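Student: Have a look at this fold, sequence not included:
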């Protein structure tokens, strides 16, 4: 796991001070690799102990290991801001690299299980708020193209009400990149308490929503590749949706074929 991957993985656990330290080291890379812990603390306007806690929270044994790893990462050109004039190619490459990481995060077996749960479900509802609402609507649209019924829930009042109305046999799919939105976090907990099968699609493995997920899909974030631009994470969700739809479409086709074979044998 490289430095950016560590930072993204543990970002939800960082305090405000630790977030300030992370922002400093990303924007002042050359300074970070040549100063000691006391000097970095002074530059970040934080305490020495805060810097040490920051490095340890990222999984390093201490500041020395952190600085060594960060130095390798910077000198490899993986964090530094590019001066390339071809920004189209640059941004496309960031998304391409992130998309390639999807296969490292999910597998056929996991998607097969999720697909079977969706097909057998009494009702399927897809929850997402703010920008995650676009992903919920996109998945609902694709479900409908397969003549599969599902509802996208994107308004806070309906998120609360419909999650609480779930029952055993239902499947509730939650999109939450950060896994920290209070309304969504409370909703998945409510679904879980009602005995609903829950699917969490996120980019934070250790989010507070994770304990209430029957199935958790942790997708890669563009922030593990670059912090140079603000790249919308919904693009990664959309690619995952396309993968899920392939699995769902194949399963539905197989089920339909079996049903037709059964009808022929009866006649």
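Tutor: Thanks, I have it. All values reported here derive from a predicted model rather than from experimental measurement.

Student: Can you pull out the low-pLDDT segments for the stretch 1-150 of the chain?
Tutor: Low-confidence segments of the stretch 1-150 of the chain (pLDDT under 70): 1, 75-85.

Student: Quick check, residue 136 in contact with residue 151.
Tutor: No - counting by Cβ atoms under 8 Å, residue 136 sits too far from residue 151 to count as a contact (9.3 Å). For the C-beta atoms, the positions are set from N, CA and C on the backbone; glycine is no exception.

Student: Am I right that residue 137 is in contact with residue 154?
Tutor: Yes - using Cβ under 8 Å, residue 137 is in contact with residue 154, at 6.8 Å.

Student: Skipping its backbone neighbours, what lies nearest the spatially most central residue of the chain in space?
Tutor: Residue closest to the average C-alpha location in the chain (Cα atoms, centre = their mean): residue 203, at 1.9 Å. If the residues on either side of it in the chain are set aside, residue 203 comes closest to residue 221, at 4.4 Å by Cβ to Cβ, 6 or more residues apart in numbering.

Student: these two touch, right, that neighbour and residue 177?
Tutor: Yes - Residue 221 is in contact with residue 177 according to Cβ under 8 Å; the separation is 7.5 Å.

Student: what do the two both touch?
Tutor: Counting by Cβ atoms under 8 Å, 6 or more residues apart in numbering, the shared contacts of residue 221 and residue 177 are 203, 233.

Student: Are we agreed that residue 198 is in a helix?
Tutor: No - counting by DSSP: H, G, I helix; E, B strand; the rest coil, residue 198 falls outside a helix, being strand.

Student: Residue 125 falls within a helix, correct?
Tutor: No - Residue 125: not assigned to a helix; according to three-state DSSP it is strand.

Student: tell me, how many neighbours does residue 180 end up with?
Tutor: 15 (other Cβ atoms under 10 Å).

Student: oh, I was asking about residue 18
Tutor: 21.

Student: next helix or strand past the host helix or strand of it?
Tutor: Element membership of residue 18, judged by DSSP states H and E, is helix 16-27. With elements assigned by DSSP H and E, the helix or strand that comes after helix 16-27 is helix 29-34.

Student: other SSEs contacting that following helix?
Tutor: helix 37-44, helix 63-75 (3 or more Cβ pairs under 8 Å, 6 or more residues apart in numbering; DSSP states H and E).

Student: Give the helix, strand or coil label for residue 115.
Tutor: From three-state DSSP, the assignment for residue 115 is helix.

Student: How about the contacts made by it?
Tutor: Contacts for residue 115 (Cβ under 8 Å, 6+ apart) come out as 244, 247-248, 251.

Student: Can you get me a residue count around residue 223?
Tutor: For residue 223, using other Cβ under 10 Å, the count is 19.

Student: what are the phi and psi values for it?
Tutor: The phi/psi pair for residue 223 (degrees, to the nearest 10) reads phi -70, psi -10.

Student: how far away is it from residue 96?
Tutor: 15 Å (Cβ to Cβ, to the nearest Å).

Student: Looking at residue 137 and residue 154, which one has more neighbours?
Tutor: The residue with more neighbours, out of residue 137 and residue 154, is residue 154; 19 against 16, by other Cβ under 10 Å.
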